[in-house]
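Peer 1: Predicted model and sequence below, questions to follow.
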Amino acid sequence: MSRKTELLGPAGAAYLNHLATIDEPEVHARLRSRTSQLPDANMQISPEQGRLLGMLVQMLAARRILEIGVFTGYSALCMAERLADDGRLVACDVSREYTDIARPFWQEAGVDDRIDLRLGPAVDTLMAMVEAGETDRYDLAFIDADKENNERYYELCLDLLRPGGLVAIDNTFADGTVFAADTDDPEGRDARMLNEKVHRDRRVDATLIAVSDGLLVARKR
């Protein structure tokens, strides 16, 4: 038994990765391999995080998902394949170059018809959705984009989520800089402020999960 969370070292992280990839679909593995060749490969989520997102989709019986930050499409793939055939994932990104890598893998996995890719600034996309009356309709939102806009993404996604829906925000450990209250790292300061804001937000119930670089999960009341 333990009364505290122990952060994983390299051996623990390798073990989690091993478990997450035991029955990983081959198309997932090839997409991760393709992405690993890119200069920005570190922007891809880990297999264990993808597995968790897929489980959240199943647990919510989600039919409508928002994704803010697509990169090469691994997280969208993990979530979209758990949707019902008539489910939809609205995927927001600004990069045609990276999302063009995603498309053939989505097609091969048979989920491309469930993914509505919208290229352009995500704040604009989300605001347009709010103005179009799509509030309280979405089951899950996953935020993994430019960190300086995380608070705006959070607020807009909260408007779009139904009561009982979840918002999950990636990289809320900020490479560990968030652990020091006096950190001089801008991303660490921003992540620390966001973590505390969400935990104090009376509109949600929140917890910070120690997976990958920290996943902040909040349930809309």
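Peer 2: Now that the structure is in, tell me what you want to look at.
Peer 1: Residue 23: how many residues sit nearby?
Peer 2: Residue 23: 7 surrounding residues under other CB atoms under 10 Å. For the C-beta atoms, the positions are set from N, CA and C on the backbone; glycine is no exception.
Peer 1: Outside of the strand ranked longest in the chain itself, list whatever touches it.
Peer 2: Looking across the chain with DSSP state E, the single longest strand is strand 161-170. Identification of contacts with strand 161-170 by CB atoms under 8 Å, 6 or more residues apart in numbering yields 45, 49, 53, 56, 60, 69, 136-144, 150, 153-154, 157-158, 194, 198, 204, 212-221.
Peer 1: switch to 7 Å and redo it
Peer 2: The contact list for strand 161-170 (CB atoms under 7 Å, 6 or more residues apart in numbering) reads 45, 56, 60, 136-144, 150, 154, 157-158, 213, 215-221.
Peer 1: how about the strands in this structure?
Peer 2: 64-68, 88-93, 115-119, 138-143, 161-170, 204-209, 215-220.
Peer 1: Switch the ones you listed over to JSON lines; also include mean pLDDT and mean neighbour count.
Peer 2: Shown next, in JSON lines, are these (pLDDT from 0 to 100; neighbours: other CB atoms under 10 Å):
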{"stretch": "strand 64-68", "mean pLDDT": "98", "mean neighbour count": "27"}
{"stretch": "strand 88-93", "mean pLDDT": "98", "mean neighbour count": "24"}
{"stretch": "strand 115-119", "mean pLDDT": "98", "mean neighbour count": "17"}
{"stretch": "strand 138-143", "mean pLDDT": "98", "mean neighbour count": "25"}
{"stretch": "strand 161-170", "mean pLDDT": "98", "mean neighbour count": "20"}
{"stretch": "strand 204-209", "mean pLDDT": "97", "mean neighbour count": "16"}
{"stretch": "strand 215-220", "mean pLDDT": "98", "mean neighbour count": "21"}
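Peer 1: Residue 7: which of those is closest?
Peer 2: Closest of those to residue 7 is strand 204-209, at 12.2 Å (criterion: CB to CB).
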